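> sequence first, predicted coordinates after that:
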Amino acid sequence: MFHKRLLGTLKETRGYTAGMVVCQWISLLANIVFLYRTAGIIGSMYKKTITSEELYSYVLLVMVILCIRGICTHISGQLSNLSSLMVKEKIRTLIFNKMIRIGTRYSENKSTSEIVQISTEGVEQLEIYFGNYIPQFFYSILAPLTLFFVVGTMSIKVAGILLLCVPFIPISIVAVQKFAKKLLKKYWGTYTELGDSFLESLQGLTTLKIYNADERYAKKMDKEAERFRKVTMRVLIMQLNSISIMDLIAYGGSAIGIILSLKLFQQNLLSIEHCFFIIMVSAEFFLPLRLLGSFFHIAMNGNAAADRIFAFLDEEEAKNGRVEADALTGKDILIQNVDFAYPFSKEKEEQKREKKQILKKVSMKIPENNFIAIVGESGCGKSTVASLLTGEYSADKGKVTLGGIPITELSMQTKNKLITRVNHINYLFQGSVRENLKMGNQEASDEQMEEILKQVQLYSFIKKHGGLDMLLKENGANLSGGQRQRLSLAIALLHDSDIYIFDEATSNIDVESENLIMEIIIGLAKKKTVILITHRLFNAKSADKIYVMEKGKIVQTGIENELIKEEGIYKKLYEQQSELEDYRVIRKNQVIDQNGGSVYE
Ligand SMILES: Nc1ncnc2c1ncn2[C@@H]1O[C@H](COP(=O)(O)OP(=O)(O)OP(=O)(O)O)[C@@H](O)[C@H]1O
């Protein structure tokens, strides 16, 4: 009935829960007094002994009770809000921090839409769990017991029978629990599947249109939506049936109580006041548990959501230590005999699939302020080396150290400060150019930002469109591919770290932007450690050392002049790419001639 781990994680809500239960209980006591007095008044009216003082004091009592109940409801509502707020804040913070720690690895086992769903609707489900279900659970134990003692003073027989009927409601709840759990797991699974398809189709709409595949995808989504509709209907039917059973027990039980008290009254074993009181109060025995039953279905949904949230929180993340930058002895990077395989997702592990070895006995020495290039054919493991250097993944065997300290022992802040990785897709945020540039350095002045924009030859374009206040659309959609990449480079340059990893940073952009970015990278390599990962050998030619990779191994090492002389993969790739390079040089010269000196401005 409870999600132990969830309750343990949110211990702080206990005070609020206790407060809500106390408020509900005071409210119940007030109600008992009210019903007791009402029964007294009815009794007096029946006996025709009622006086105006009795009536006045009754009216006064009703007003006081209404006030007490009003105050209790208000406080309980406030506590419920506070508890929900705390739950939402804590769980969303946990998810957010996990996202930060897990970094780009978040998509390994979870889709983007699933993470969005668990952190939005998933967390909303927990709001009801803590704000209503948990307090109601305790209240529904307390209320029948309280009523048992009160009614017991009038007729122990009626009180006992009413109390005996009460457990049938939780029994019916437990009976559906197993089935509900299974069904809700399926419900959430179908829901996230539908969310995934929707998000994917939305993101890939242009591609779907180009290949006329939109109709096929629409049909696929239709099928998924239908599956979701069916499972939702099953959930609703299950909830409705379970609520009907609880209603039957609740109203049947109170009917038994009423009939019994009427019989006792007939036999003169119960006074008229007590008989009326029991008639009015008998439903109260069951109503709290009946309400708990309704909350239970929401709580089961919360349980299923909590399972998903915790599964995400348990995902393996990059190892981060506590060592700070001042403990480093220099900034040399050493990769020694590293073996690495990507971890499989839990489901896949259950299928006992073998891990695929990606890096085999990889060793590199990257001295401080050197320009190193890693080249090789697609899929040979270049980016994987970059992921080990940033500490995103850790080696299965061997060592990766920076300044003598294993990368995994450095704190996340130190790694982020010392190493900047620029990929071919760096995200630009909706907002001004200034806000985006400030990601690189919060303290950067407008002059510094403009200077960097000049370096990446974006200044005149951005100036024409509002300067640093120019607004960017989501992921810089109002910039060209080359402009986006040059702006990403500007952000990276502002970060001013000691080590730069450019991972195919010039892929999929125009030749002119590529040449400019390469010029900047080569300039940067004079004062920083630069690791250039590229499939284009031309860009690596001025590197101090080139590592050539093939199928996860380093197969050649040296500078360009040495490598083109060796028989090997480098020479083969070099010959394949030379023809293309000649064409690029001609094209670049043509553009510069047209623009009178500059490629862009
Ligand atoms: N997150 C991941 N999970 C599982 N396998 C992965 C993951 N990332 C990459 N791989 C696999 O690891 C191998 C090496 O990938 P990697 O990205 O390091 O190659 P690369 O040399 O950088 O390729 P490219 O030049 O095309 O970017 C590939 O076979 C790829 O399928």
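That came in fine, so what should we check first? Computed from a predicted model, the values in this text were never measured in an experiment.

> name the residues of the chain found near the ligand, please.
Proximity of the chain to the ligand is assessed by CB under 6 Å from any ligand atom, with 108, 342, 358, 376, 378-384, 504, 535 identified as the residues in range. Where C-beta positions appear, they are placed from N, C-alpha and C, glycine not excepted.

> neighbour-wise, which one of the residues you listed leads?
Gly376 (26 neighbours; other CB atoms under 10 Å).

> so it makes contact with Lys553?
No: contact criterion CB atoms under 8 Å: Gly376 and Lys553 do not qualify, at 9.5 Å.

> before we move on, the earlier item: just the ones of the residues of the chain next to the ligand in strands?
Of these, the ones assigned to strands by DSSP state E are 358, 376.

> okay, now the unreliable bits of the stretch 1-150 of the chain?
Judged against pLDDT under 70, the low-scoring parts of the stretch 1-150 of the chain cover residues 1, 104-109.

> all the helices of it, residue numbers only.
Defined through DSSP state H, counting those that start in this stretch, the helices belonging to the stretch 1-150 of the chain, from first to last, are 4-9, 14-47, 52-102, 112-117, 123-128, 134-152.

> about what we covered before: from the residues of the chain next to the ligand, which is closest to Phe148?
Glu108 (54.6 Å; CB to CB).

> can you pull the contacts of the closest residue to the ligand within the stretch 401-550 of the chain?
Minimum separation of the stretch 401-550 of the chain from the ligand (CB to the nearest ligand atom) falls at His535, amounting to 5.2 Å. Taking CB atoms under 8 Å, 6 or more residues apart in numbering as the definition of contact, the neighbours of His535 are 375-378, 382, 504.

> 10 Å instead, please
When contacts are counted by CB atoms under 10 Å, 6 or more residues apart in numbering, His535 touches 375-378, 380, 382, 504, 507, 573, 577.

> so how far is Tyr129 from it?
To Tyr129, His535 is 51 Å away according to CB to CB, to the nearest Å.

> check Ile499 too.
Remark: distance between Ile499 and Tyr129 (CB to CB) = 46 Å.

> higher neighbour count, these two?
More neighbours surround Tyr129 than the other of Ile499 and Tyr129, with 28 against 21 (other CB under 10 Å).

> give me the distance between that one and Gln136.
Remark: distance between Tyr129 and Gln136 (CB to CB) = 10 Å.

> who touches both of those two?
Looking at what touches both Tyr129 and Gln136 (by CB under 10 Å, 6+ apart), the common residues are 295, 299.

> closest to His274 out of the helices of the stretch 1-150 of the chain?
Ranking those by proximity to His274 (CB to CB) places helix 14-47 first, at 7.2 Å.

> tell me the buried residues in the closest one?
Buried residues in helix 14-47, defined by neighbour count with 16 or more other CB atoms under 10 Å: 16-17, 19-28, 30-32, 34-44.

> ranges for the strands of the stretch 451-600 of the chain?
With DSSP state E, counting those that start in this stretch as the criterion, the stretch 451-600 of the chain has strands at 471-472, 499-503, 529-534, 545-550, 553-558.

> measure the closest residue to Asn441 other than its chain neighbours to Glu215 for me?
On the basis of CB to CB, 6 or more residues apart in numbering, the spatially nearest residue to Asn441 that is not a chain neighbour turns out to be Leu494, at 4.4 Å. When CB to CB is the yardstick, Leu494 and Glu215 sit 46 Å from each other.
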